[in-house]
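Asks: Mind looking at a prediction? Sequence and model below.
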Amino acid sequence: MDTRNARDGYVARKTSAPTMQAVVFDAYGPPDVLRLAELPLPEPGPGEVRVRVRAAGVQPADCATRSGWFAQRGIGQAPFPRQLGNEFAGVIDAIGPGVCGLATGDEVLGWTNANAYAEAVVVAAEQVVLKPMMMSWAVAGALSASGQTAHTAVQALEIQRGDTVLVHGAAGGVGTIAVQLARLRGARVIGTASRENHDYLRSLGAEPVLYGPGLAERVRELAPHGVHAALDGSGRGALDASIALGIEPSRIGTLVDFEDVQRLGVQAIRSQRSRERLQELVELHDAGRLRVHVRDIYPLAYAATAHRDVENGHGRGKVVLMVYNTFGHAL
């Protein structure tokens with residue numbers, strides 16, 4: 001507040017609290033429910049950092065949250081208006097008490113819980129790692145959540161050298177990383193995808209196969225001696241096809257079809273995130289051993305278009321929202 005009073009010819013006034021733009025939605029529905037809103041600029045508390053976001057990955061889980069798919073199953077319900085976004089990259093501009101090893105101006109990537117579609121985000125310092133200089137903003141924004149989900153899955157299914165692994169939805173954001181991590185462990189990977197993505201899967205080291213009716217027979221032709229493990233990143237009957245191939249249920253995992261987990265005795269895989277896990281992924285990328293494919297980028301205001309892109313279901317890699325200007329100043 002201005003401390004000079006009216007007797008000195010000034011009128012006391014309040015300074016407006018700083019705000020930021022963020023994508024929100026006020027009801028479940030199609031992508032068009034997403035809108036830009038002015039929200040208070042968050043402040044970091046003890047052990048936290050504030051990051052001015054440059055890029056935020058768009059995941060199928062974001063679309064499921066927005067549409068009400070999770071809410072219909074009693075998962076993740078919260079009051080409106082709600083935000084979205086679980087992975088981001090940006091520049092630290094404020095640090096809370098007790099944070100060591102990070103400084104304002106550091107370029108980082110990390111994860112959060114449904115608030116990354118914004119000009120700024122506050123997270124625990126343990127939820128970010130330094131961004132390598134040669135990693136693009138779009139790739140950095142797309143790596144954290146999808147990458148850690150794939151890493152969790154490969155560990156949970158105990159993928160090892162000599163295994164033959166079936167990845168359903170192998171061209172998607174998580175599938176792309178899972179294929180590469182399995183190959184780095186010495187496994188043979190068969191990946192399901194639409195025909196237009198088969199060359200892309202070959203470039204990742206996977207053997208492509210068309211999904212849909214007859215999938216189990218097509219996989220048997222490629223792997224007559226059997227398949228050891230399967231990761232379902234697509235749904236659409238993938239679990240039943242995996243069971244039909246004779247894979248041990250404990251080595252079948254799903255990221256999407258949780259309703260059939262108990263019926264089939266397979267694993268429900270949920271991402272286990274940590275700074276150590278993310279750091280390993282960043283180092284693999286920096287060493288040229290892990291590719292992150294970004295197929296489309298959109299400005300923050302075009303979040304609805306980005307969701308429609310993801311829901312199309314046939315694209316390869318990731319879709320990313322970019323924040324080209326933050327608080328009126330280019331970063």
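Replies: Sure thing, it's come through.

Asks: what's the burial count for residue 104?
Replies: Counted with other C-beta atoms under 10 Å, the burial measure for residue 104 works out to 11 neighbours. For glycine as for every other residue, the C-beta is placed from the backbone atoms N, C-alpha and C.

Asks: Could you report the separation of it from residue 115?
Replies: Residue 104 sits 21 Å away from residue 115, going by C-beta to C-beta, to the nearest Å.

Asks: hang on, residue 315 packs against residue 309?
Replies: Yes: A contact is recorded between residue 315 and residue 309 when judged using C-beta atoms under 8 Å, the distance being 6.5 Å.

Asks: Name the residues contacting each of these two.
Replies: Residues touching both residue 315 and residue 309 (C-beta atoms under 8 Å, 6 or more residues apart in numbering) are residue 296.

Asks: quick one, strands of the stretch 201-331 of the chain?
Replies: The residue ranges that make up the strands of the stretch 201-331 of the chain, judged by DSSP state E, counting those that start in this stretch, are 207-210, 229-232, 252-254, 267-268, 294-299, 318-322.

Asks: which residues does residue 251 contact?
Replies: For residue 251, counting by C-beta under 8 Å, 6+ apart, the contacting residues are 157, 158, 228, 229, 230.

Asks: of all those, which two lie farthest apart?
Replies: Longest distance between any two of the contacts of residue 251 is 12.5 Å, between 158 and 230; criterion C-beta to C-beta.

Asks: so residue 241 sits right up against residue 217, yeah?
Replies: No: Residue 241 is beyond contact range of residue 217, at 9.6 Å (criterion: C-beta under 8 Å).

Asks: Which residue of the two possesses the greater neighbour count?
Replies: Remark: of residue 241 and residue 217, residue 241 carries more neighbours, 24 against 11, as counted by other C-beta under 10 Å.

Asks: so how far is residue 35 from the more buried one?
Replies: For residue 241, the distance to residue 35 - C-beta to C-beta - is 40 Å.

Asks: same check, this time on residue 53
Replies: Plainly put, residue 53 is 18 Å away from residue 35 if you go by C-beta to C-beta.

Asks: cool, residue 105 as well?
Replies: From residue 105 over to residue 35 (counting by C-beta to C-beta), the distance is 32 Å.

Asks: Please apply the same query to residue 119.
Replies: Taking C-beta to C-beta, one finds residue 119 at 15 Å from residue 35.

Asks: Also residue 81?
Replies: According to C-beta to C-beta, residue 81 and residue 35 sit 9 Å apart.

Asks: which residues do those two both contact?
Replies: Shared contacts of residue 81 and residue 35, defined by C-beta under 8 Å, 6+ apart, are found at 24, 25, 26.

Asks: Of those, select the buried ones using a PyMOL command.
Replies: To isolate in PyMOL the members of the shared contacts of residue 81 and residue 35 that are buried, counting by 16 or more other C-beta atoms under 10 Å, one can use:
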select buried, resi 24+25
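
Asks: Doesn't residue 94 belong to a helix?
Replies: No: remark: residue 94 does not belong to a helix; assigned using DSSP: H, G, I helix; E, B strand; the rest coil, it is strand.

Asks: quick one: common contacting residues for residue 241 and residue 217?
Replies: Jointly contacting residue 241 and residue 217 under the rule C-beta under 8 Å, 6+ apart is no residue at all.

Asks: Low-confidence regions, the stretch 201-331 of the chain specifically.
Replies: When residues are selected by pLDDT under 70, those of the stretch 201-331 of the chain lie in 313-314, 325-331.

Asks: beta partners for residue 192?
Replies: Residue 192 forms beta bridges with residue 209, as assigned by DSSP bridges.

Asks: unless I'm mixing things up, it is touching residue 233, no?
Replies: No: shown here, residue 192 and residue 233 do not form a contact pair, counting by C-beta under 8 Å, at 9.1 Å.

Asks: Common neighbours of the two, please.
Replies: Here residue 192 and residue 233 share the contacting residues 167, 168, 169, 170, scored by C-beta under 8 Å, 6+ apart.

Asks: hmm, back to that, more crowded one of residue 53 and residue 35?
Replies: Neighbour count, other C-beta under 10 Å: between residue 53 and residue 35, residue 53 has more, with 29 against 14.

Asks: Pull up the pairing partners for the helix or strand where that one lies, direction included.
Replies: With elements delineated by DSSP states H and E, residue 53 resides in strand 48-58, which encompasses its position. Using DSSP bridges, the strands paired with strand 48-58 in its sheet are strand 87-95 (antiparallel), strand 120-124 (antiparallel), strand 318-322 (antiparallel).
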